[in-house]
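Enquirer: Build me a model:
(one chain, ligands or ions: 1)
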Amino acid sequence: MLLKEAREATEFLQNQTGSFVPDTGVVLGTGLGRLLDDIDIYHSISYEDIPHFPVSTVESHSGKLIFGVLNGHKLVVMQGRFHYYEGYTMQQVTFPVRVMKLLGIRRLFISNAAGGLSPDYNISDIMIINDHINLQPENPLTGPNEDEFGVRFPDMSDPYDRTMIDKGLEIAAKYSIRAHEGVYVAVPGPNLETRAEYKYLRTIGADAVGMSTVPENIVARHMGLPVFALSVITDLCTPEKIRKVTVEEVIKAAMGAEPGMKKIMEELISLQTD
Ligand code: HPA
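Expert: Next up, the predicted model:
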């Protein structure tokens, strides 16, 4: 069922985009919209026009799948993602990643906004994700396994590609961008965490907390795609620094990190040779 629907969505997109076969998929989270500025856009297709794509909820901005070229690389970019807290199932949240793989991508880039749990982090810092802890209550692989996508029990010892993490850190150092590597913990949201929860999340080994990325990562790894993901730290969640945050502050902090994120993503995409 899932495979059939993903194939139908893929065929529709292939008919729309002709011979454009993307090599790289990008999930644009908060703060990375500007990446699109440097892309030569060939096709832009609204999610609502794509068969079987989740239908947007009222609150979420209308999403688009954008096909374009960046420094010789053919990209398919999700402008707008689906979150579990919006009421989508995990299969819906991750459906576009399945489709991007069927379209031909060989690697996936993800960005998000996250709360900083490590005492070393400041607002608008970047964290390159090197591992994750999944505290979301559902898993996108629940249900019959589609063997054509991947195995029943996918390995998760290498969830984020080490070579790309190292390259990402090198690029950050070259441009004096404040970037760390660390562990991302995914929670269901939509409420932010209590003080006791932040303390718990830090204790179990996380450096940043957010409400996305892990489902997309699991599905990408299920299909054998290497993943590079980064978080922009939009609020600080250590006991001394925690205070009330508003969505506006989160967006402002994300925008502060936008040039650095853009630089890392763009250079890293350009460096890929296969
Ligand atoms: N918690 C969870 N998700 C978030 C946060 C946070 O503090 N900040 C941005 N996304």
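Enquirer: so who does the residue of the chain found nearest the ligand touch?
Expert: Closest approach between the chain and the ligand, counting by Cβ to the nearest ligand atom: residue 115, at 2.3 Å. Quick note: C-beta positions are derived from backbone N, CA and C, even for glycine. The contact partners of residue 115, by Cβ atoms under 8 Å, 6 or more residues apart in numbering, come to 192, 193, 198, 208, 209, 210, 233, 234, 235, 236, 237.
Enquirer: show me what contacts residue 28?
Expert: Counting by Cβ under 8 Å, 6+ apart, residue 28 touches 35, 36, 77, 78, 79, 80, 81, 111.
Enquirer: What helices and strands are in contact with the least confident helix or strand in the chain by mean pLDDT?
Expert: The helix or strand of the chain with the poorest confidence is helix 247-271; it has a mean of 88 (mean pLDDT, DSSP states H and E). Applying 3 or more Cβ pairs under 8 Å, 6 or more residues apart in numbering; DSSP states H and E, we find helix 247-271 packed against strand 24-28, strand 64-70, strand 73-79, strand 107-116, strand 126-134, helix 162-174, strand 227-236.
Enquirer: Between the ones you listed, which one is closest to residue 203.
Expert: strand 126-134 (11.3 Å; Cβ to Cβ).
Enquirer: Pairing partners for that closest one, with directions?
Expert: strand 179-186 (parallel), strand 227-236 (antiparallel) (DSSP bridges).
Enquirer: now, of those, which is deepest in the fold?
Expert: strand 227-236 (a mean of 27; mean count of other Cβ atoms under 10 Å).
Enquirer: tell me which residues form a beta bridge with the residue of the chain closest to the ligand?
Expert: residue 209, residue 235.
Enquirer: Any residues of the stretch 1-150 of the chain in contact with the ligand? List them.
Expert: Applying Cβ under 6 Å from any ligand atom, one finds that the stretch 1-150 of the chain approaches the ligand through 113, 114, 115.
Enquirer: run the last query once more with 8 Å
Expert: 30, 112, 113, 114, 115, 116 (Cβ under 8 Å from any ligand atom).
Enquirer: now the residues you listed in a markdown table, with pLDDT and distance to residue 172?
Expert: Output for those, formatted as a markdown table (pLDDT from 0 to 100; distance: Cβ to Cβ, whole Å):
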| residue | pLDDT | distance to residue 172 |
| --- | --- | --- |
| 30 | 69 | 19 |
| 112 | 93 | 17 |
| 113 | 92 | 18 |
| 114 | 95 | 17 |
| 115 | 94 | 20 |
| 116 | 96 | 16 |
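Enquirer: Most neighbours out of those residues, which is it?
Expert: Comparing those by number of neighbours (other Cβ atoms under 10 Å), residue 114 comes first, having 31 neighbours.
Enquirer: and that one, how far is that from residue 185?
Expert: Computed as Cβ to Cβ, to the nearest Å, the residue 114 to residue 185 distance reads 9 Å.
Enquirer: Mutual contacts of these two, please.
Expert: Shared contacts of residue 114 and residue 185, counting by Cβ under 8 Å, 6+ apart, come down to 208, 209, 210.
Enquirer: Out of those, grab the one that's most surrounded.
Expert: Across the shared contacts of residue 114 and residue 185, neighbour numbers were computed from other Cβ under 10 Å; residue 208 holds the maximum, 28 neighbours.
Enquirer: wait, doesn't it sit right on residue 113?
Expert: No: with contact defined as Cβ atoms under 8 Å, residue 208 does not reach residue 113; the gap is 9.5 Å.
Enquirer: What about residue 263, how many residues nearby?
Expert: Neighbour tally, residue 263, other Cβ under 10 Å: 17.
Enquirer: Looking at the contacts of residue 115, which has the smallest pLDDT value?
Expert: Minimum pLDDT across the contacts of residue 115 is recorded for residue 237, with 85.
Enquirer: May I have the phi/psi pair for that residue?
Expert: Here is the backbone geometry of residue 237 (degrees, to the nearest 10): phi -120, psi 20.
Enquirer: Flag the shaky bits of the chain, pLDDT-wise.
Expert: 30-31, 56-62 (pLDDT under 70).
Enquirer: Let me know the outermost residue of it.
Expert: In the chain, the residue that sits farthest from the middle, by Cα atoms, centre = their mean, is residue 240; the gap is 29.1 Å.
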